[in-house]
Structures are given as C-alpha cells and as structure tokens.
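**Q** The following comprises the amino acid sequence and a computationally predicted model.
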Amino acid sequence: MIDDGFRSRSVNTLALMLLVAALLLSSGCGFQLRGAMPLPPQMAVTYIEGKSRFDPLNSEFRSALEGRGAQVTGERDAATAILRILENRTITEVLTVDSAGKAEEYEIRQTIRFDVISADRQVLVAAQTLSMNRFLRYLRTNVLGTEREGELIREELQRSLVNLAMLRIASAGSRRAD
C-alpha cells in the first residue's frame, strides 16, 4: 500500500519537472513575448493637432504616445512630428424598435482619420481612416445604467481605435526603416 503523502509529493515533483521542461523548451525555441512596436524615430517629440486640445481623443493619443516613449509637446515648433487628427466622429443609430415604436437597440459607431507628418512636412504616415462599432441594448427599466454603458462603450471604442492607430503608425515606421 502506497502512502498518500508519498503519492502527493510524487505528483507535485512530476508537475514541477514538467513545468521546468516546458520552460526550457520554450526558451530554447526562441519564443519571446512581443512588446509594443517602436514608433518611427521622427516621432520622438510629437505635437497632436486636433479640433480641441481638451478632446478626450487627444488625451488618449497622448497616453498612447507617451506609453511608447514619445514626448508629447504643446508647442508645434518644438515637435519633430505632428499627429494630425483629421476627423473624429461618433454616430449613434437606432437598430430596432418595439411595437410601440420605442428604441430597443442602438449601434454606436466611431470613425477617426489621422495622418503623421514630420516637422519639415514630409508624410510619415499617410491619411488613415479607422472605424469601429458596438451595439447597445436600451433597457427602460435601467435608464441610468444604460446611459453609463453607452459612455463606457464610447470610451472603449476610442481606446481601441487609438491602439489600432498606434499599430499603423509603428508599422509604417518599420516599413520606412527597411
């Protein structure tokens, strides 16, 4: 008869050995987690040009740029690159209505258009248009919750679009370097 304490120690030892083997194999094949793609070097000091300095989209771009090592400046003349927000549009459309004609479901769609130019007006990233949408079910029994959910969806859309824009900018920078 095998002792239960011995059996659990054997299982633990076997699990530990399998984990170590998996780690050794994954490191031996060159596997690495991929970090954020670097921005083009011309974007070291970037000025964000948009409709309003206090637009939430500007803040989202600022955070994304700073997170990738760029310095964001409020002085256009001090910038080595200019990220121009050419369009930022959010549209909310009714998708379905009930038998009384009251809205039950909405589509929230956000579109941004941007480009990046260098300080000497050379195009670093040609004009890009990105668009995303999400659906929102309207609940008359929870109006405040539905309104807050709509706000959260708009924030998520904006964050996702900025992340996509940063991928496009980084990709364009890596193509230029080749």
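**A** Structure's in. What do you need?
**Q** From here on, just use CA atoms for contacts and neighbour counts.
**A** Noted.
**Q** Buried residues, the lengthiest helix in the chain. List them.
**A** Scanning the chain for the longest helix, with DSSP state H as the assignment, gives helix 143-177. For helix 143-177, burial by neighbour count (16 or more other Cα atoms under 10 Å) applies to 146, 150, 153-154, 157-159, 161-163, 165-173.
**Q** Quote the end-to-end distance of stretch 49-68.
**A** 19 Å (Cα to Cα, to the nearest Å).
**Q** quick one: buried residues of it?
**A** 49, 50, 57, 58, 60, 61, 62, 64, 65, 68.
**Q** The last one against residue 41, yeah?
**A** Read that as residue 68. No. At 11.3 Å, residue 68 does not count as touching residue 41 under the criterion of Cα atoms under 8 Å.
**Q** Go ahead and confirm residue 172 touches residue 124.
**A** Yes. If you go by Cα under 8 Å, residue 172 and residue 124 touch, sitting 7.4 Å apart.
**Q** Only alpha carbons, please: show stretch 153-171 as CSV.
**A** As requested, C-alpha coordinates have been extracted for stretch 153-171 and formatted as CSV (Å, rounded to 0.1, in the frame of the first residue of the first chain):
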residue,chain,number,x,y,z
ILE,A,153,-18.8,51.7,-25.0
ARG,A,154,-17.7,55.1,-26.4
GLU,A,155,-14.6,55.1,-24.2
GLU,A,156,-13.7,51.6,-25.3
LEU,A,157,-14.2,52.4,-28.9
GLN,A,158,-11.9,55.4,-28.7
ARG,A,159,-9.2,53.4,-26.8
SER,A,160,-9.4,50.6,-29.3
LEU,A,161,-9.2,53.0,-32.3
VAL,A,162,-6.2,54.7,-30.8
ASN,A,163,-4.5,51.4,-30.2
LEU,A,164,-5.1,50.4,-33.9
ALA,A,165,-3.8,53.8,-35.0
MET,A,166,-0.6,53.3,-32.9
LEU,A,167,-0.1,49.9,-34.6
ARG,A,168,-0.5,51.5,-38.0
ILE,A,169,2.0,54.3,-37.1
ALA,A,170,4.5,51.8,-35.8
SER,A,171,4.1,49.6,-38.8
